[in-house]
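> Provided below are the primary sequence and the corresponding predicted coordinates.
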Amino acid sequence: MSRIFSIIGAGMGTPDTLTGEARRTLDAADAVFATARLAALRPEAEVCPFTELAARAIGASGQAVAVLVSGDVGFFSVAARLRQQLAPYGEVRLVCGLSSLQYFCAKLGVPYDDVCVRSLHGRAGSILGAVSYHKKVFALTGGAQNAQTVCCTLADAGLGGLIVHLGENLGMQTERIAHGIAAELADQPCGDLAVLLIENPNAVNAAEPLRDAMFTRAKVPMTKEEVRWVACGRLAVQPGDTVWDVGAGTGAMTLELARRACDGLVYAVERDADALALLVENRCKLGGYNVQIVAGRAPEALETLPAPDCVFVGGSGGEMRRILSLVKEKNPAVRVVVTAIALETLEEARRALIDLGFANLAVSQLAASRGRAVGPYTMMTALNPVFILSGGGRDAE
């Protein structure tokens with residue numbers, strides 16, 4: 001008969017959070033394997049490091065073998081990796097368990113059907129996009145991004161006043177549940193086994209397009225909404241992208257990009273003091289806290305930024321070729337869009353993209369007009385025509 005491997009979600013790692021199915025599966029097992037923390041659930045369990053769980057289970061005697069994993073097998077679990085390792089040696093069954101999301105939200109007395117879920121445990125990435133565009137965010141924390149660090153990130157971004165619920169060592173005797181604003185919890189040390197529920201009642205809808213009238217502009221140039229929408233489409237911005245906006249101005253394009261890169265970060269590079277002040281104002285006004293404002297002149301200000309997935313160049317300050325060269329050096333497969341009004345800028349950008357080897361080069365001219373009421377009539381007023389150049393990405397197959 002085929003061997004049966006059961007991967008069991010152990011909930012919070014306590015007897016009270018084991019499901020009835022988990023208990024029955026453990027009772028029927030010929031051998032049980034677990035890490036040191038979970039082995040306490042079963043006196044006969046053999047303790048081994050996680051890296052050895054699959055090998056030990058494969059080498060065990062008996063037909064029914066159980067492996068304990070924390071939480072639920074379908075919620076940011078190691079179960080998928082174990083299943084892949086065990087599948088060649090027999091049938092693999094998954095036994096669901098209580099997840100930290102379920103447990104913590106029950107403790108708080110709040111529903112979780114409208115929660116945005118993110119894991120920062122041992123992972124790169126930022127929580128700022130999720131918090132900007134969702135009213136409730138549940139985050140698994142740990143490693144370099146523990147709960148205290150995440151709260152510091154919120155405070156540094158201007159979100160220190162958000163209500164945060166913290167759960168540490170859930171289900172254990174040392175369980176701690178704390179409530180406060182992010183700025184307060186940023187000063188409290190916390191261990192690795194912690195989760196956060198972050199509330200942002202002012203979160204904005206990332207799917208809502210930004211209209212020109214929504215921005216504070218003053219006398220700083222702004223990329224018009226028709227151009228922004230076409231340029232964003234050309235860039236093919238993905239939710240987790242790292243994006244640069246070079247010559248960010250008022251931040252109109254920056255914040256449009258930030259909504260597209262709703263799980264990533266957008267670096268807005270600007271040298272003009274008046275524009276920088278507007279960037280800060282519009283960032284707060286329109287809720288794009290996944291925008292990092294970089295004061296400085298390109299390309300020098302770009303050198304220390306993380307490699308981008310895509311770049312929008314709305315203003316080059318006469319340094320187009322140097323900017324595009326640095327962009328290409330940072331990421332050979334980067335996607336780039338450049339906008340130009342003057343013919344000279346168009347030709348400079350086109351030649352630089354060709355010389356630097358950007359693939360998939362395309363050039364369009366966008367000429368838009370807007371209607372305005374003149375008595376009982378609607379008259380069309382033309383906007384300045386804009387050239388949109390795009391290139392980069394992988395070569396077409």
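Noted; the coordinates are in hand. Residues are numbered from 1 along each chain as shown.

> how many residues are close by the residue nearest to residue 181 when sequence neighbours are not counted?
Distances taken as Cβ to Cβ, 6 or more residues apart in numbering place residue 161 nearest to residue 181, at 5.4 Å, with adjacent residues excluded. To be clear about C-beta, it is placed using only N, CA and C from the backbone, and glycine gets the same treatment. Using other Cβ atoms under 10 Å, the number of residues around residue 161 comes to 12.

> hang on, isn't residue 161 packed against residue 180?
No. With contact defined as Cβ atoms under 8 Å, residue 161 does not count as touching residue 180 (10.6 Å).

> give me the element residue 390 is part of.
Element membership of residue 390, judged by DSSP states H and E, is strand 386-392.

> what strand or helix carries the nearest residue to residue 42 once chain neighbours are set aside?
Excluding the flanking residues, the one nearest residue 42 by Cβ to Cβ, 6+ apart is residue 32, at 5.1 Å. Using DSSP H and E, residue 32 maps to strand 31-34.

> which element follows that strand toward the C-terminus?
helix 36-39.

> surely residue 364 and residue 346 touch.
No. Residue 364 lies out of contact with residue 346 (Cβ under 8 Å); the separation is 11.0 Å.

> so which of these two has more stuff around it?
Counting neighbours by other Cβ under 10 Å for residue 364 and for residue 346 shows that residue 346 has the greater number, 19 against 12.

> next, that one: secondary structure please.
Using DSSP: H, G, I helix; E, B strand; the rest coil, the structure places residue 346 in helix.

> one more: residue 52?
Strictly by three-state DSSP, residue 52 counts as helix.

> tell me the spacing between it and residue 59.
Distance, residue 52 to residue 59, by Cβ to Cβ, to the nearest Å: 10 Å.

> what about the helices in the stretch 201-350 of the chain?
225-235, 252-260, 273-285, 320-330, 343-355 (DSSP state H, counting those that start in this stretch).

> apart from its neighbours in sequence, what residue is nearest residue 260?
Excluding its sequence neighbours, the residue lying closest to residue 260 (Cβ to Cβ, 6+ apart) is residue 237, at 3.7 Å.

> wait, that neighbour sits on residue 262?
No. In this structure residue 237 lies outside contact range of residue 262 using Cβ under 8 Å: 9.4 Å.

> show me which of the two is the more surrounded one.
residue 237 (25 against 22).

> show the pLDDT at the more buried one.
The score at residue 237 is 96. That number is its pLDDT.

> give me phi/psi at it?
phi -60, psi 130 (degrees, to the nearest 10).

> residue contacts, it?
Each residue near residue 237 by Cβ atoms under 8 Å, 6 or more residues apart in numbering is listed here: 243, 257, 260, 261, 310.

> now the two most distant members of those residues.
Within these, 260 and 310 form the most distant pair, 9.4 Å apart (Cβ to Cβ).

> got the contact list for residue 8?
The contact partners of residue 8, taken as Cβ under 8 Å, 6+ apart, are 22, 25, 26, 66, 67, 68, 69, 73, 95, 97.
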